[in-house]
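In: Compute the structure for the input listed below.
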Amino acid sequence: MTIERFEDIVAWQKAKILTILVYKKFQHCRDFNFCNQIQRAVVSIMNNIAEGFERRGDKELRNFLYIAKGSCGEVRSMLLLASELQYVSDVDCNAMSTLAQEVSRLLSGFIKTLQ
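Out: Residues are numbered from 1 along each chain as shown. Here you go, the predicted model:
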């Protein structure tokens, strides 16, 4: 099956869900710097998938997928901090972290298909 649009990539779809969750969970956070950082990191996941896909080259796509994968790690790290600082509940933190790990696994699989 050939993917014709980045919107059809499952990793992008899951990253979008994660992005919406992060934005909703942190919309009332008073720590602007923290919220800005986690929001930029989570948006980076879906945007790097999209940008890499639109460049239409496997090598460039792979590089952008690695960047997206790194952003998944950053989001998980920020979520652990958010939990420790009690910005979100442990349940919400675990749910978002699990989704970020799923996106990361999907990205790893996608990267392998491009090698």
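In: If you count contacts, what does the helix or strand harbouring Q39 end up packed against?
Out: Q39 belongs to helix 32-54 when assigned by DSSP states H and E. The elements that helix 32-54 packs onto, with contact taken as 3 or more C-beta pairs under 8 Å, 6 or more residues apart in numbering; DSSP states H and E, are helix 10-25, helix 58-84, helix 90-113. Glycine gets a C-beta too; all of them are placed from N, C-alpha and C.
In: Show the average pLDDT along the first one.
Out: Computed over helix 10-25, the mean pLDDT rounds to 98.
In: From the contact counts, what lies against it?
Out: Counting by 3+ C-beta pairs under 8 Å, 6+ apart, helix 10-25 packs on helix 32-54, helix 58-84, helix 90-113.
In: In a markdown table: those helices, plus mean neighbour count.
Out: Shown next, in a markdown table, are these (neighbours: other C-beta atoms under 10 Å):
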| stretch | mean neighbour count |
| --- | --- |
| helix 32-54 | 19 |
| helix 58-84 | 18 |
| helix 90-113 | 17 |
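In: Adding distance to E7 as columns, could you present those helices in JSON lines?
Out: Rendered in JSON lines, the data for the helices and strands packed on helix 10-25 read as follows (distance: least, C-beta to C-beta, whole Å):
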{"stretch": "helix 32-54", "distance to E7": "8"}
{"stretch": "helix 58-84", "distance to E7": "15"}
{"stretch": "helix 90-113", "distance to E7": "15"}
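In: so can I have CSV of these showing mean pLDDT?
Out: Shown next, in CSV, are the helices and strands packed on helix 10-25 (pLDDT from 0 to 100):
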stretch, mean pLDDT
helix 32-54, 97
helix 58-84, 97
helix 90-113, 97
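In: nearest to I9, of those helices?
Out: Closest to I9 of these, according to C-beta to C-beta: helix 32-54, at 6.0 Å.
In: what's the distance between Q13 and E7?
Out: Distance of Q13 to E7, given as C-beta to C-beta, to the nearest Å: 7 Å.
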